[in-house]
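Asker: Next input, structure requested:
(chains A and B)
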Amino acid sequence: MSGGILIIGAGQSGMQIADSLRENGYTEAITMVGDELIPPYQRPPLSKAYLYGDADEESLQFRNEKFYADNNISLVLGDAVVGVEIGTDGGQATTASGRVVEFDRMALAPGSTPRKLDLPGAELDGVLYMRSIADARALKERWGKAENVVVIGGGFIGLEVAAVARKAGKNVTVLEGADRMMARAVCPITSEYFKNMHERRGASVVLNARIAGFTGDSKVTGVEMQDGSVIPADIVMVGIGVLARTEVANLLGLELANGAILVNEFSETSNPRVVAAGDAVMLPNPTGADGLVRLESVQNAVDQAKVAARTLMGEREAYRALPWFWSDQADIKLQIAGLSTGYDQTVVRGNPDEDAFSVLYYRDGRLLAIDCINQVSDFMAARRCLTAGQTIDPIAAADSTVALKTLITA
Amino acid sequence: MPQVTYILPDGTETTLEARDGDSVMETAVKNGIKGIIAECGGACSCATCHVFVDEAFADVVGGPSILEDDMLDGAACDRRETSRLSCQIKMCADFDGLRVEIAPKQV
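Answerer: Residues are numbered from 1 along each chain as shown, chains lettered A, B, ... in the order given. Here you go, the predicted model:
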């Protein structure tokens, strides 16, 4: 078998693995296989700038053609690996189009796919999801004529689309099945703020929503609730989470955890020739706390890919990056640093009524994480603090007249 | 297409043709210029695309927004008078010939 690395997935993480391999001096062949038709691109703007019309498909691409040529990175697009064998001296993969790629090691960065609604009428035209540029095109094609937009799922993606729709003057209803929005990511204080924020901008927000199905013949016309009421809808945007893509991992019989590809802190899977990174992965908590986490974020896609690239080159460097996230909704920038799981205290800094505040999360008096709402200085300070393993006194932090960066202590 | 010149921390210069409307950050990253990291991809959320705009262009390019200004306060490298986040500078004909120095520390 020949040398070289085969990367499955041409998204943010796959791109970063290829880039890091070349930056670190890897000289053998690199082949990246992705099932979409365009070269690796940024997904976050699809629900924001792309929808507003501030970014087009070309501007979203990470690199230009010359970069791939100059760096000898072979892109195989619109194709998928459907067969793979790995032996003691390397492996061989076959794609749907019949291409055969030999490799020394493999990197899995397949990403995720939106969780689908299983309700009557979910197949109607206009019931849409948001992950790929194809999804974003489908939304944009229907956008101009749509008056009524219903968003199912009060998470980052759904709320971002809801905010763009309100700005475009559409009637917007957000249906959330839980008793608060973004419940997995933030505490009730932040959830409550965002509910009010969207309502003030004219959206209707329904918590504990119980959906029965969708009305319409070929095109969706409404969302039917279990109480029999119907909310008119020209577009239904479903954002209820994502599932890890494990097609190739399953072909290889790799160990999974909660439906995602299990890796250790070096991004190694249960097969010694295969690493994995990004949305599809379950990994040891990179903050050093116990347990496994799944991190569906740009930061993780990039930082874990860098660790995977090191491992592929035989340099073992444990993954210890601080997780961080952001979401732009209307004129509000939410930035989160750290993981708040297991917090026993929160401190609010600033005033939610003024659209500028932060929530700090503590456990046993030590800072775990922060939500910053239009408070980028707090975000930058807390990120630096947490990255360095430092903390901020909770009583001092509550005084928003004192800059957070001056309060960092060991 | 407007041209933009990047001065790397080691003093080397690279001049690129920018697509109209692409940011100074995007133009650099797409062409594989090192030193501009852009962790967040241009959302003004990470302050890892910090540049110093050549003083000759400071007026035409203009200053940062309030939000960008706060991000620059937290950037890894001390800011200067003409500091900007390059993801927030969109190239256009008026900026042809722009020169930016890439801040030596981004994270």
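
Asker: If you drop the residues flanking it in sequence, what lies closest to the residue of chain B found nearest chain A?
Answerer: With CB to the nearest CB, the shortest gap between chain B and chain A falls at residue B:74, namely 2.5 Å. Where C-beta positions appear, they are placed from N, C-alpha and C, glycine not excepted. Spatial nearest neighbour of residue B:74, chain neighbours left out: residue A:380 (2.5 Å); criterion: CB to CB, 6 or more residues apart in numbering or on different chains.

Asker: Which residues outside the strand or helix carrying the one you found are in contact with it?
Answerer: Element membership of residue A:380 [criterion: DSSP states H and E] is helix A:376-387. Outside helix A:376-387, the residues within contact range by CB atoms under 8 Å, 6 or more residues apart in numbering or on different chains are A:287, A:322, A:324, A:333, A:335, A:337-338, A:349-350, A:358, A:360, A:367-370, A:372, A:391-392, A:403-405, A:407-408, B:45, B:47, B:67, B:70-71, B:73-75.

Asker: for that helix, the distance to its chain's centre please.
Answerer: With CA atoms, centre = their mean, to the nearest Å as the basis, helix A:376-387 stands 21 Å off its chain's centre.

Asker: dump the residue contacts of residue A:128.
Answerer: Taking CB under 8 Å, 6+ apart, we find residue A:128 in contact with A:135, A:138-139, A:142, A:235-238.

Asker: residues touching residue A:345, list them.
Answerer: Contacts for residue A:345 (CB under 8 Å, 6+ apart) come out as A:361-363, A:365, A:394.

Asker: which among those gets closest to chain B?
Answerer: residue A:361 (19.3 Å).

Asker: Per-residue pLDDT of the residue lying farthest from the centre of chain B, please?
Answerer: Relative to the mean C-alpha coordinate of chain B, counting by CA atoms, centre = their mean, the farthest residue is residue B:1 (17.4 Å). Residue B:1 carries a pLDDT value of 89.

Asker: thinking it is in contact with residue B:15, fair?
Answerer: No. Counting by CB atoms under 8 Å, residue B:1 stays clear of residue B:15, with 11.6 Å between them.

Asker: For residue B:6, give its distance to residue A:229.
Answerer: 57 Å (CB to CB, to the nearest Å).

Asker: Out of these two, name the residue with the larger neighbour count.
Answerer: residue B:6 (24 against 10; other CB atoms under 10 Å in any protein chain shown).

Asker: and the closest residue to that one other than its chain neighbours, how many neighbours?
Answerer: In space, and not counting its chain neighbours, residue B:6 is closest to residue B:14: 5.0 Å by CB to CB, 6+ apart. When neighbours are counted by other CB under 10 Å, residue B:14 registers 15.

Asker: Repeat that for residue A:25.
Answerer: Applying other CB under 10 Å, we find 7 other residues in the vicinity of residue A:25.

Asker: Report the secondary structure element holding it.
Answerer: Judged by DSSP H and E, residue A:25 forms part of no helix or strand.

Asker: can you pull the contacts of it?
Answerer: Residues near residue A:25 by CB under 8 Å, 6+ apart: residue A:313.

Asker: Start and end of stretch B:81-94, how far apart?
Answerer: 21 Å (CA to CA, to the nearest Å).

Asker: how about it: buried residues?
Answerer: B:82-91 (16 or more other CB atoms under 10 Å in any protein chain shown).

Asker: Secondary structure and distance to chain A added to the residues you listed, as a markdown table?
Answerer: Below are those laid out as a markdown table (DSSP: H, G, I helix; E, B strand; the rest coil; distance: CB to the nearest CB, whole Å):
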| residue | secondary structure | distance to chain A |
| --- | --- | --- |
| B:82 | coil | 20 |
| B:83 | strand | 14 |
| B:84 | strand | 15 |
| B:85 | strand | 11 |
| B:86 | helix | 14 |
| B:87 | helix | 11 |
| B:88 | helix | 12 |
| B:89 | coil | 14 |
| B:90 | strand | 9 |
| B:91 | coil | 11 |
